[in-house]
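Visitor: Please find the sequence and the predicted model below.
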Amino acid sequence: MSELRETRWEKTLNVLEKNAVPILFLIIGAIGIIFSGYSMNYLGQEIIVRIARNSFLIISLLIPIMAGMGLNFGMTLGAMAGQIGLIFVTDWAIAGIPGMVLAMIISTPISALLGWMCGKILNMAKGREMVTSYIIGFFINGVYQLIVLYGMGPVIPIKDPALVLPRGYGIRNTVNLIRMRRSLDNLLAIRIFGISIPVMTLAVIALLCLFIVWFKKSKLGQDMRAVGQDMEVARAAGIRVEHTRIVSIVISTILAGYGMIIYLQNMGTLNTYNSHMQIGMFSIAALLVGGASVNRASIGNVFLGVALFHLMFIVSPMAGKNLIGQAQLGEFFRVFVSYGVITLALVLYEIRKRHTRSRAGRLLAQEQLDARRLADD
Amino acid sequence: MIKRRLIQLAVVVLVILLGVIMFIVGKEHTILLDNKSVEIDGTTYNAFQIVEVQVAKGETLELGPRDRDKAVVMGQRHKLTVTYTDRNFEEHVIVKKFSVPIGESMVLISLPVFAAGLDQSLWLEHYEPPTILSLSPVEEELVVTEELIPLDI
Amino acid sequence: MVSIRRFLNSFGWPRIIIGLFLLSLFIIAPFVGVRIGASLSDTIIRFGMNSVLVLAMVPMIHSGTGLNFGLPLGIMAGLLGGTLSIELGFTGGLSFFMALVCATPFGLLFGWGYGKLLNKVKGGEMIIATYVGFSSVAFMCMMWLLLPYRHPTMVWGYAGKGLRTTISTEGFYLHALNNFLQFRIGERFVFPTGMILFFALIAFLVWAFLHTKTGTAMTAVGSNPVFARASGISIDRIRTLSVVMSTWLAAVGIIVYQQSFGFIQLYMGPFYMALPAVSAILIGGASVNKASIMNVIVGTFLFQGILTMTPSVMNAVIHTDMSEVIRIVVSNGMILYALTRKSEVSR
């Protein structure tokens, strides 16, 4: 395969375009650090905490991207399953690591069911997976509210009165997770240069990364990548395309459930009706900031993305206050940037799809021309 | 084919088992410690003037007569250490392991009966917190379902 | 028998279920003490409020650009128009007209840019539309804080800088349309004639446009792009035109909404406003690439009917207000149904 001859200018433009988003965020982050006035120590600690807290969730997004399903806006389904597990565990007064593990065990079948449903619906909407998974998230949120806001109490027995709304049924706006707060983080926490590092949590994340690496090489992983490349070619090769796509969503949802539990054990409080909706969008934004695209994402993108995205997130309010005098502006700014980066990534993906086709066409034409030139000599 | 199904079944069973173990190991129980005189079958077990109690690795609690304190523990089996000085100014230390029945969230231990060396069924009993009838108007909690500007992620 | 089944299949089970649900609500209502007259009046008012926003979906569906999840962009234009009209000091009925006038250039400009963007991303319009809508709302959040508005009814009290979250339209264009020629039947039924007439006017304009040469070209682009290109129609230009129309209609729509609702909602208020409009038109019978004015009327009426009747009837029957959850499930379920149907147009 010969290389497309292009000018150095075109080449640099291509590299810049590929890494546009991380570079942009590096610049925003740098400006933000300067204006916010936060110390490097403070920022370092905050970033470490967020890497430990959010990475698991973001890694769960990698598998659907591998399988060509795009950005899994339906990860909120896994988050909801994890939260339901946590509600039960809190009601039963199970503390610490056992509480976390039990919540994960409870969330697994719920995640699997929701993921399976989501996968089936996505198969019915091929070509529109992202919009559909986005709407599925909202739809299941309605079902979640039906269960948690109306069912818990009357239909599903809840013992602990501290969990229930004053009116007698339904779970409160916030659930205190004090029993398992930081239980994974503090299991092995080391202080280096004044920064506390939750070693155990990072170890769990490292294990997940190893799992992903192994998974990519496994038969199922290879099947998924084939389906992601070209569905029809994979089908011709004998791969059960629909089944593989559903499995990718199921695995992603289950991992999202575990990730949500890890996230919440660090936060210490469950915002019953909002945590899951917010986390979906911000996880996707973070992954995209790390340089991932709709059809290609690596583990490196995850960690780079968490660091850059959360850096921007942390410095924005203070920077806004120092620049304009209103911290509120900084808060709006970071929300705008989060949505903006997703928009940008989606647009770039579509345009690049077109570009790749045109580059492939130009490459073909170039080869033809070269071959003819050789034949003429 | 059958082998795969068997392995899948085994994994499910193992996970459920793990869940049950996690439940038992992680469940928090509230132990109420009573220093009250109790009468059982005609015999009165008197409260101590002063008694020190330590549940598992918690802090040492001090109780006077008719006092009640509480300790929150995780899991079923714990060591209970009771130290008291009797009328002859002799110090007695009683250390005994006990197990909280799994279903109980709150139990009550009567220290005088415990110190007398009787059977666990006599000094440990289930406790039901009294439901407080609220006479004040119930404050409405508004459920917020759409928070678009997050404070922290 | 076969023709009935075919009718059911094409009409769609979800719509039948929703229609029956609404009908049953209206039937139950009098038995549980809910006044039909007031409910019907409310439904019609809410129908009028939302009608133009739902109508805004039609041009883009016609041209094959998909469901306009980016409605908030047009709504931003409308908000700029409304706030400008108040800032410039217009009151009463004139402020309504001026709001439309001020909103129009923004609507056209935003729509043009948005249309050009959507042309570059054929195939992924809907999800990009969603996020363009969100980004525009979030961006305007910053703008509402920074833009130099000065009118005392709009800015925060002591600081004097930055717009308030909600601005009352009282004294300005509150009920400018509703009260025009309105009539009452009995003591609870109010018919907002002005608003309905306004919607009828706009709907007629859209209908008329779709029957012009450009309008038929738009329909062709959406239903048969190959034929359209062969006929020499510039697909991109028509698509951009449809997006501009949709955006402008959204701007008008939000102003109509505000004159009835009584408040201008800024900041994150309009964030999710695309979803009710999308599900309304789908409930009315539209699909991702086919929509008619009838779909708008039927859909908006059914959707707003459910939104009005469910809280009152449910509350009376089971003493719980589950209307919010039902709204989420019904509207998103409807959108899911539409997204999972096979498109009649192959790309």
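Guide: Yes, it's here.
Visitor: mind listing what the residue nearest to residue A:180 when sequence neighbours are not counted touches?
Guide: Nearest residue to residue A:180, sequence neighbours excluded (Cβ to Cβ, 6 or more residues apart in numbering or on different chains): residue A:99, at 4.4 Å. Heads up, the C-betas are built off the backbone N, CA and C, glycines and all. Each residue near residue A:99 by Cβ atoms under 8 Å, 6 or more residues apart in numbering or on different chains is listed here: A:89, A:90, A:179, A:180, A:183, B:22, B:26.
Visitor: What about the residue in the stretch 101-250 of chain C that chain B sits nearest to, how many residues nearby?
Guide: Using Cβ to the nearest Cβ, the closest approach of the stretch 101-250 of chain C to chain B is made by residue C:141 at 8.3 Å. Neighbours of residue C:141 under the rule other Cβ atoms under 10 Å in any protein chain shown: 23.
Visitor: ok, for it, nearest residue in space, not its chain neighbours?
Guide: residue A:332 (4.1 Å).
Visitor: hang on, that neighbour packs against residue C:143?
Guide: No: with contact defined as Cβ atoms under 8 Å, residue A:332 does not reach residue C:143; the gap is 9.2 Å.
Visitor: Counting neighbours, go ahead and name the busier of these two.
Guide: When residue A:332 and residue C:143 are compared for neighbours, residue A:332 comes out ahead with 27 against 15, by other Cβ under 10 Å.
Visitor: Could I get the contacting residues of the residue of the stretch 101-250 of chain C closest to chain B?
Guide: By Cβ under 8 Å, 6+ apart, the neighbours of residue C:141 are A:332, A:335, A:336, C:266, C:267, C:268.
Visitor: Reformat those residues as JSON lines; add pLDDT.
Guide: Formatted as JSON lines, these follow (pLDDT from 0 to 100):
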{"residue": "A:332", "pLDDT": "92"}
{"residue": "A:335", "pLDDT": "92"}
{"residue": "A:336", "pLDDT": "93"}
{"residue": "C:266", "pLDDT": "92"}
{"residue": "C:267", "pLDDT": "91"}
{"residue": "C:268", "pLDDT": "92"}
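Visitor: Contacts only, for the most centrally placed residue in chain A.
Guide: The centroid of chain A falls nearest to residue A:58 when counting by Cα atoms, centre = their mean (3.1 Å). Going by Cβ under 8 Å, 6+ apart, residue A:58 touches A:259, A:283, A:286, A:287, A:302, A:305, A:306.
Visitor: Of all pairs in those, which one spans the longest distance?
Guide: Taking Cβ to Cβ as the measure, the contacts of residue A:58 span a maximum distance of 14.3 Å, between A:259 and A:305.
Visitor: hmm, stretch B:59-73 in reach of chain A?
Guide: No: Stretch B:59-73 does not reach chain A (Cβ under 8 Å from any Cβ of the partner chain); its nearest approach is 8.8 Å.
Visitor: Span of that stretch from start to end?
Guide: 12 Å (Cα to Cα, to the nearest Å).
Visitor: got the phi/psi numbers for the residue in the stretch 201-347 of chain C that chain B sits nearest to?
Guide: Of all residues in the stretch 201-347 of chain C, residue C:268 sits closest to chain B, at 4.4 Å by Cβ to the nearest Cβ. Dihedral pair for residue C:268: phi -80, psi 0, per degrees, to the nearest 10.
Visitor: Now do the same contact list for the closest residue in space to it that isn't next to it in sequence.
Guide: Nearest non-adjacent residue to residue C:268, counting by Cβ to Cβ, 6+ apart: residue B:148, 4.4 Å away. Neighbouring residues of residue B:148 by Cβ under 8 Å, 6+ apart: A:335, C:268, C:271.
Visitor: Can you name the residues that contact the first one?
Guide: So that's residue A:335. So residue A:335 contacts B:148, B:149, B:150, C:138, C:141 (Cβ under 8 Å, 6+ apart).
Visitor: any idea how far residue A:263 is from it?
Guide: Separation of residue A:335 from residue A:263 (Cβ to Cβ, to the nearest Å) stands at 19 Å.
Visitor: Stretch A:11-30 near chain B anywhere?
Guide: No: using Cβ under 8 Å from any Cβ, stretch A:11-30 stays clear of chain B, coming no nearer than 15.2 Å.
Visitor: What distance separates the opening and closing residues of that stretch?
Guide: 26 Å.
Visitor: low-scoring pLDDT stretches of chain B, where are they?
Guide: B:132-138 (pLDDT under 70).
Visitor: Pretty sure residue B:81 sits in a strand.
Guide: Yes: assessed by DSSP: H, G, I helix; E, B strand; the rest coil, residue B:81 belongs to a strand.
Visitor: check contacts around it.
Guide: B:53, B:54, B:55, B:93, B:94, B:95.
Visitor: Surely residue C:63 and residue C:238 touch.
Guide: Yes: Residue C:63 lies in contact with residue C:238 (Cβ under 8 Å); the separation is 5.8 Å.
Visitor: and for these two, which residues touch both?
Guide: Counting by Cβ under 8 Å, 6+ apart, the common neighbours of residue C:63 and residue C:238 are C:218, C:221.
Visitor: ok, the two, which is more surrounded?
Guide: Neighbours were counted for residue C:63 and for residue C:238 using other Cβ under 10 Å; residue C:63 has more, 29 against 26.
Visitor: any idea how far the more buried one lies from residue B:39?
Guide: From residue C:63 to residue B:39 the distance is 89 Å (Cβ to Cβ).
Visitor: The residue of chain B found nearest chain A: how many residues sit nearby?
Guide: In chain B, the residue that lies nearest chain A is residue B:26 (2.6 Å; Cβ to the nearest Cβ). Using other Cβ under 10 Å, residue B:26 has 24 other residues around it.
Visitor: thinking again about what came up before, secondary structure element for the residue nearest to residue C:141?
Guide: helix A:327-376 (DSSP states H and E).
Visitor: With residue C:142 instead?
Guide: helix C:125-146.
Visitor: in that helix, what's buried?
Guide: For helix C:125-146, burial by neighbour count (16 or more other Cβ atoms under 10 Å in any protein chain shown) applies to C:125-142, C:144-145.
Visitor: Go ahead and measure how far stretch B:64-73 is from the middle of the chain.
Guide: 11 Å (Cα atoms, centre = their mean, to the nearest Å).
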